[in-house]
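Chemist: Below are the sequence and a predicted model for it; my questions follow.
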Amino acid sequence: LAYLGAVFRDSGRLDEAAPLLERSLAIRKQELGTGHVDYGWSLFHLAWLRHLKEQDDIAVALYQDACRILEGEFGPDDPNFAICLGDWAKVLASMGELEPARAKLERSLAIRSAVFPDGHPETANARTDLGYLLWRMGDLPGAGQQYREALEMRERLLGSDHPATLTAMGSVSLVQERTGQVDEAIRLSRERLQRARNRFGEPGPPTLDALYSLSSLLVRVGRRQEAIESHRKLVSLLPLQAGDARRAAGARYSLISLLVEPEVAAEALERIEEVESVLAAHPDLTYPPRAGTAFYAGRSLMLLDRDEEAEPRLQQAIKLQTAASGGDHLRVADAAWLLGLCRRRQGDREAGLVDMKRAMEIYLRVKGESSTDYLLYRSFLLADQGRQEQAKQAFQTARANHLSEWKVRLQTNLHPRGNEPAFRQLVRDSR
């Protein structure tokens, strides 16, 4: 019962797992007593189920009892106890109790390292868990060290193309990105993708995971053209007719967000049609967002000068986003601004002005009068009223804020060797 319940649990069939694990626990409690090691293992299996069902307070109590029993049976330096301790730590971390979680993870790792001095997959798992916790605590150098050691161990024990090794490469590349080593992060992500292709082919799941991670990385670091090509490849490997519909639609949605030039607007509309067919067939899906899809449809139609078609799509985007998150949402403001431009281009200047003022007021309420977007919107409307000097001043302030914000992002996220050229290009683009 315990093992079958664990299989159901790990397969995501939580409601089927619960009665099996609870029955196993009750039988062992009656037949063996609450101090028996098998009773401890039943507590262990049930605890993770409670965590998956978001019942963390119950899970912590179960892990506490399970660890007490397993430590008493095997001793304080046994890997069985270490596994239980590590899982308990992960639940504490999910509850925001990071310091207690760190102490337990470090103890769990120390036990596994002592028992397996030459390395073990479970030791690599413990290093990965500790690395993720340190990441959450803001200790990126510490996280990077744990991730790198886990990667080295998995390469040595499992091989360079094992799925766990490929996942570890992704973790290391994330730390490299966040610490400014963008070139190294991209290189490692591409190497991960090549290893996955060599072993699993296309579209093997590890290959898709690696390509998805690389595509997302390229977006985050501003390599837009490379990101577009990577997303196009990902989309080609994720047909809508098979597999994970949410992931296939999500890849298309990410690509759509990058297609912002008139020459690729028609491609964006084709992908939007595909996404909307998935959303229509799966009304339970919340991602990709329907409001966002309507917004991108309106934007793409405007890029193609099809303003009459764009207008109802932007109205739809405003309606859906307002229903989902209220009227004071920045996505409502962005759609309202585009709608105003769209109406002005069709000659309805007054209606367009109402929409654009609505966008400006939302940004004022949400982000304040010194925000870049509010100042840009205000400069446009001031110029429209003939108040050129005030418009120029608002625009210059917006531009200065924009460059300041991006300089901080670039210094944080880009490798120093690539920092200044990227910043200079940003200045040129902004001008």
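Modeler: Yep, that arrived.
Chemist: Now stretch 114-128: buried residues?
Modeler: For stretch 114-128, burial by neighbour count (16 or more other Cβ atoms under 10 Å) applies to 116, 119-128. To be clear about C-beta, it is placed using only N, CA and C from the backbone, and glycine gets the same treatment.
Chemist: Export those as JSON lines, with columns for secondary structure, distance to Leu269 and pLDDT.
Modeler: Output for the buried residues of stretch 114-128, formatted as JSON lines (DSSP: H, G, I helix; E, B strand; the rest coil; distance: Cβ to Cβ, whole Å; pLDDT from 0 to 100):
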{"residue": "Phe116", "secondary structure": "coil", "distance to Leu269": "56", "pLDDT": "92"}
{"residue": "Gly119", "secondary structure": "coil", "distance to Leu269": "52", "pLDDT": "90"}
{"residue": "His120", "secondary structure": "coil", "distance to Leu269": "52", "pLDDT": "92"}
{"residue": "Pro121", "secondary structure": "helix", "distance to Leu269": "47", "pLDDT": "92"}
{"residue": "Glu122", "secondary structure": "helix", "distance to Leu269": "50", "pLDDT": "91"}
{"residue": "Thr123", "secondary structure": "helix", "distance to Leu269": "51", "pLDDT": "94"}
{"residue": "Ala124", "secondary structure": "helix", "distance to Leu269": "46", "pLDDT": "95"}
{"residue": "Asn125", "secondary structure": "helix", "distance to Leu269": "45", "pLDDT": "93"}
{"residue": "Ala126", "secondary structure": "helix", "distance to Leu269": "49", "pLDDT": "94"}
{"residue": "Arg127", "secondary structure": "helix", "distance to Leu269": "46", "pLDDT": "96"}
{"residue": "Thr128", "secondary structure": "helix", "distance to Leu269": "42", "pLDDT": "96"}
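Chemist: Point out where the stretch 251-400 of the chain drops to low pLDDT.
Modeler: Across the stretch 251-400 of the chain, nothing is flagged by pLDDT under 70.
Chemist: Would you map the helices across it?
Modeler: 265-281, 290-303, 307-325, 330-345, 349-367, 372-384, 388-413 (DSSP state H, counting those that start in this stretch).
Chemist: try the stretch 101-250 of the chain
Modeler: 121-136, 140-158, 163-178, 182-200, 205-220, 224-236, 245-258.
Chemist: Columns distance to Arg358 on top of these, output as TSV?
Modeler: Listed next are the helices of the stretch 101-250 of the chain as TSV, based on distance: least, Cβ to Cβ, whole Å:
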stretch	distance to Arg358
helix 121-136	38
helix 140-158	41
helix 163-178	37
helix 182-200	38
helix 205-220	29
helix 224-236	30
helix 245-258	23
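Chemist: Which one of the helices of the stretch 251-400 of the chain lies nearest to Ala185?
Modeler: helix 388-413 (9.9 Å; Cβ to Cβ).
Chemist: what's the closest residue to Leu341 other than its chain neighbours in contact with, if anything?
Modeler: Counting by Cβ to Cβ, 6 or more residues apart in numbering, Gly352 is the residue found nearest to Leu341 once chain neighbours are left out, at 6.7 Å. Residues near Gly352 by Cβ atoms under 8 Å, 6 or more residues apart in numbering: 339-344.
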